[in-house]
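# Would you be able to build a 3D model of this:
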Amino acid sequence: MSETLERTDAEVASKPGTLVVICSPKGGTGKTSLARNLLVAAGQADIPSVGIDFDQQGSLAKWHARRVKTREAYPTFVPVDVVPGRLTNWRGAIKGLAWARLIVADLPPTVEHDLPMVTALCAAADFVLVPTSATADDLDSVLPWMRTLQKAGCSAAFVMNRVNRQTKTFASARTKLIKTGAICPIEIPSLEDMHNNVPVGLSLLDSAKSRGLEPVEGVWAFVRREARL
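Below you'll find the predicted structure:
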């Protein structure tokens, strides 16, 4: 049962809400941290939402379990829902989530192992986010992946994460990304704050004093607009 809403039979039978997929063929780009913050942002905006953790490592689901425990002592933090999912049954994973106005799907980095299913899921999404840093390793993975998404007719955009805007590497990487596809106009800098509260199930948005609060809020605003949420 959802921590936020009671689900009626009629709601379950209706069409699911806006689906946002976060994916990248490169590990360590910040997919799960982005998913966490989007879910908290949605909760703070009173938007019924749920995350689907398609990664076998279960990082998003583990974070959610810790958040539930933290909320038992501090219920003022907004509730967040996360459910596990399998890519082999991604349609079934979203079928019963019609109560949610926003569904955030966190995918594993090994997209090439399940390419047909991942591509189909992304094509069914309202919006796809491809996080990346400015490193050459990340670009080698995300640039061809964006072209694959474009061929599949996906509405997708890069979001630069864990970056330092003062470096030449950043400027060069951003230019390459812009030449390949759409890009979120807000970058998330490399921040220790992004991970400090993960062990207790919190996110950067849970504290008004967090460094980098505005960039994450900017990415959320971009997602809301692009996904027409």
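# can you point me to the longest strand in the chain?
Ranked by residue count, the top strand of the chain under DSSP state E comes out as strand 156-163.
# which other residues reach that strand?
29-30, 33-34, 122, 127-134, 142, 146, 149-150, 170, 173-174, 177, 180-184, 186-191, 219, 222, 226 (Cβ atoms under 8 Å, 6 or more residues apart in numbering). All C-beta atoms are positioned from the backbone trio N, CA, C, and that covers glycine.
# And stretch 188-208, by the same measure?
Around stretch 188-208, the neighbours that count as contacts under Cβ under 8 Å, 6+ apart are 30, 33-34, 36-37, 39-41, 44, 63-71, 77, 159-165, 210-213, 215-217, 219.
# Please apply the same query to stretch 105-117.
19-29, 31-32, 35, 51-57, 59-60, 85, 87-88, 90, 94, 118, 121, 125, 145.
# What separates the first and last residues of it, distance-wise?
Between the start and the finish of stretch 105-117 there is a gap of 13 Å, counting by Cα to Cα, to the nearest Å.
# State the mean pLDDT of that stretch.
Average pLDDT, stretch 105-117: 87.
# That stretch: which residues count as buried?
Of all the residues in stretch 105-117, those buried under the rule 16 or more other Cβ atoms under 10 Å are 105-109, 111, 114, 117.
# How far off centre is it?
Offset of stretch 105-117 from its chain centre (Cα atoms, centre = their mean, to the nearest Å): 14 Å.
# For this protein, just list every one of the strands.
Going by DSSP E, the chain shows strands at 18-22, 49-53, 82-84, 102-106, 127-132, 156-163, 188-189.
# ok, back up a step: between the buried residues of stretch 105-117, which is nearest D138?
P109 (11.0 Å; Cβ to Cβ).
# thought T119 was touching R147?
No - counting by Cβ atoms under 8 Å, T119 sits too far from R147 to count as a contact (12.0 Å).
# Which one of the two is surrounded by more residues?
Remark: of T119 and R147, T119 carries more neighbours, 18 against 12, as counted by other Cβ atoms under 10 Å.
# So what's the residue count around the residue lying closest to that one once chain neighbours are set aside?
By the measure of Cβ to Cβ, 6 or more residues apart in numbering, the closest residue to T119 outside its immediate chain neighbours is A152, 5.1 Å from it. A152 has 14 neighbours, counted by other Cβ under 10 Å.
# Tell me the spacing between A152 and S24.
Per Cβ to Cβ, to the nearest Å, A152 is found 15 Å from S24.
# V128 now?
10 Å.
# ok now stretch 158-165, how far from the chain's centre?
The answer for stretch 158-165 is 15 Å, by Cα atoms, centre = their mean.
# how about that stretch as PDB, C-alpha atoms only?
Written as PDB, here are the backbone C-alpha positions of stretch 158-165 (Å, rounded to 0.1, in the frame of the first residue of the first chain):
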ATOM      1  CA  PHE A 158      21.200  15.200 -21.100                       C
ATOM      2  CA  VAL A 159      21.600  16.500 -17.600                       C
ATOM      3  CA  MET A 160      25.200  17.300 -16.600                       C
ATOM      4  CA  ASN A 161      25.900  16.000 -13.100                       C
ATOM      5  CA  ARG A 162      29.000  16.100 -10.800                       C
ATOM      6  CA  VAL A 163      30.700  18.800 -12.900                       C
ATOM      7  CA  ASN A 164      33.000  21.800 -12.300                       C
ATOM      8  CA  ARG A 165      31.900  24.600 -14.600                       C
END
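# Check the offset of stretch 61-79 from the chain's centre.
Its chain's C-alpha centre and that of stretch 61-79 lie 19 Å apart, by Cα atoms, centre = their mean.
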